[in-house]
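[1] any chance you can model this:
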Amino acid sequence: MTLDDDLRRRLLLDIIRIRMVEERIVDLYPEQEMRCPVHLSIGQEAAAVGVCSVLDRTDWVFSGHRNHAHYLAKGGDLKRMLAELYGKATGCCGGRGGSMHLTDLSAGFIGATPIVGSTVPIAVGAALTAQMRGDRRRVAVFFGDGAMETGVVHESLNFASLKHLPILFSCENNLYSVYSPLSVRQPEHRAISQLAAGHGVTVFAVDGNDLDQVTEVTRSALKLIDSGKGPVFLEFSTYRWREHCGPDYDNDIGYRSEAAFLEWKKRDPVARIMELVEPGSLDEAIAEIEAEIDTAVGFAKDSPFPDPNSAADHVYA
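    Just a heads-up that it's a prediction; the model follows:
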């Protein structure tokens, strides 16, 4: 199966929108008004869009520190996302969370946290809740290759397999955990998906920069989950263009080469689909996205900061 032209066009625009939002963050970040770290998904947006396009709005999604793409792909509110990055009261977490703690319950984006692997057991708990309630809801959790080196992720995979939970584990393997390549962290002869398979879950490994592949493998995974044969683990091969944390490029500091970056850039998910689109056919839609981003930035900058008297609100022990 392949995507039809109308769906491919819509999903391409979703990818372009995420790319444009994050490129605007790159432009604005040096102003020093966003006082939180940002982890950008530029270059690896297809995995987020492909997976979320197949999910229902009522399905639940969890993510980690690199979560902008997942939040937007699941239908999160752009104005509230940017306001959160600016620490404003109108942000999706009231200005208290910043880039790494986005949430939008109305879109089914339950939340994200920066501790590597930490949302995986929470997502498994949510899947257990859905199973016990019998509400047919699926849960998807996004994480990077580094999370596969945390014990709690393996405990979570084992428990999800034991209970046949309706959960989709989506691993975006961009080859690096901060500055450490896979070669210094895991044996060369073993794939990440093989680790997951050892827990008795169904696994698929595909090109995470190929939107058609991501979408189709997610459809296959959800069919298994809906039939009670979950969980499913997806390994998406991809690559982040920017530095681990921040808006800049970092190919000059020695942990990866410019040649490798340029090779991966040839697999840009946007460029690969644009080859299938008639030149100029997206100009009007892209202009609308640009205007939407302008409005969202204005909303974020003009919004008030939280009242200092509310500093203890939402704090509990």
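[2] distance check, Lys266 against Asp104.
    34 Å (C-beta to C-beta, to the nearest Å). Glycine gets a C-beta too; all of them are placed from N, C-alpha and C.
[3] what about the two, which has more around it?
    Asp104 (20 against 9; other C-beta atoms under 10 Å).
[4] show me the beta-bridge partners of that one.
    Taking DSSP bridges, one finds Phe109 as the beta-bridge partners of Asp104.
[5] can you give me the helices in the stretch 51-200 of the chain?
    68-73, 78-85, 119-133, 151-163, 192-197 (DSSP state H, counting those that start in this stretch).
[6] ok, Thr215 touching Leu12?
    No: contact criterion C-beta atoms under 8 Å: Thr215 and Leu12 do not qualify, at 11.5 Å.
[7] need the helices of the stretch 51-200 of the chain in a markdown table (columns: distance to Gln32 and mean pLDDT).
    Shown next, in a markdown table, are these (distance: least, C-beta to C-beta, whole Å; pLDDT from 0 to 100):
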| stretch | distance to Gln32 | mean pLDDT |
| --- | --- | --- |
| helix 68-73 | 19 | 98 |
| helix 78-85 | 12 | 98 |
| helix 119-133 | 29 | 98 |
| helix 151-163 | 35 | 98 |
| helix 192-197 | 37 | 96 |
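[8] ranking those by burial, who's on top?
    Ranked by mean neighbour count, the helices of the stretch 51-200 of the chain are led by helix 68-73 with a mean of 28 (mean count of other C-beta atoms under 10 Å).
[9] what about Arg136, how many residues nearby?
    Count around Arg136 with other C-beta under 10 Å applied: 13.
[10] report pLDDT for it.
    Arg136 carries a pLDDT score of 91 in this model.
[11] same question, the one 3 residues further on
    For Val139, the pLDDT comes out at 98.
[12] in contact with the closest residue to it other than its chain neighbours, which residues?
    In space, and not counting its chain neighbours, Val139 is closest to Ala127: 4.2 Å by C-beta to C-beta, 6 or more residues apart in numbering. If you count contacts by C-beta atoms under 8 Å, 6 or more residues apart in numbering, Ala127 has them with 138-139, 160, 165-167, 231.
[13] switch the cut-off to 6 Å
    139, 165-167 (C-beta atoms under 6 Å, 6 or more residues apart in numbering).
[14] select from those the one having the most neighbours.
    Neighbour max across these (other C-beta under 10 Å) = Ile167, 32 neighbours.
[15] any idea how far the nearest residue to that one once chain neighbours are set aside lies from Asp59?
    Spatial nearest neighbour of Ile167, chain neighbours left out: Ala127 (3.9 Å); criterion: C-beta to C-beta, 6+ apart. Distance from Ala127 to Asp59, counting by C-beta to C-beta: 10 Å.
[16] likewise Arg66?
    20 Å.
[17] neighbour-wise, which of these two wins?
    Arg66 (25 against 19).
[18] state the pLDDT value of that one.
    Arg66 is given a pLDDT of 98.
[19] from Pro187, how far off is it?
    On the measure of C-beta to C-beta, Arg66 and Pro187 end up 25 Å apart.
[20] what of Glu172?
    With C-beta to C-beta as the criterion, Glu172 and Pro187 are 20 Å apart.
[21] neighbour-wise, which of these two wins?
    Shown here are Glu172 and Pro187; by other C-beta under 10 Å, Glu172 has more neighbours (28 against 8).
[22] the more buried one reaches Ala47, doesn't it?
    Yes: using C-beta atoms under 6 Å, Glu172 is in contact with Ala47, at 5.2 Å.
[23] list residues touching both of those two?
    236, 238.
[24] check contacts around His39.
    65-66, 245.
[25] now these as CSV including distance to Glu275?
    Below are the contacts of His39 laid out as CSV (distance: C-beta to C-beta, whole Å):
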residue, distance to Glu275
His65, 32
Arg66, 27
Cys245, 32
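[26] and the pLDDT for Met1?
    Reading off the model, Met1 has pLDDT 47.
[27] now do Val315
    82.
[28] and the gap between it and Arg96?
    For Val315, the distance to Arg96 - C-beta to C-beta - is 10 Å.
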